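Q: take this sequence and fold it.
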Amino acid sequence: MVEHCGQKASGLFVNSVSSCDVATGWWEGEGVMGSGQERAFKALTMIRERTPFNWIHIHPDNDGAFINWHLVRYAQERAD
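A: Down below sits the predicted model:
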């Protein structure tokens with residue numbers, strides 16, 4: 001997630017959830033207000049729904065908004 005907070009990280013501001021396919025370079029992004037796990041999960045779901053190919057792997061960064069039970073459940077529900 002990329003914070004769009006200017007010089008102060010306090011308060012509520014927009015974060016960008018970014019997704020990039022390593023094979024094609026296809027990039028998708030979604031803006032979310034705040035950095036909560038549920039909002040980040042919804043953004044990831046929206047990105048995946050509009051990507052024109054199937055995802056095989058997810059390699060998240062170390063952001064706590066992604067390394068959480070939402071992502072684990074998401075991956076388990078879509079496991080082949």
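
Q: what's the longest helix along the chain packed up against?
A: Using DSSP state H, we find that the single longest helix of the chain is helix 37-50. Where contact means 3 or more CB pairs under 8 Å, 6 or more residues apart in numbering; DSSP states H and E, helix 37-50 is packed against strand 14-20, strand 27-33, helix 69-77. (C-beta placed from N, C-alpha, C; glycine too.)

Q: how about the ones you listed, which one is nearest residue 44?
A: strand 14-20 (6.2 Å; CB to CB).

Q: quick one: mean pLDDT over the longest helix of the chain.
A: The pLDDT scores in helix 37-50 average 87.

Q: how about that helix, which residues are buried there?
A: Using 16 or more other CB atoms under 10 Å as the burial criterion, the residues of helix 37-50 that qualify are 37, 39, 40, 41, 43, 44, 47.

Q: please consider this matter closed, and thank you.
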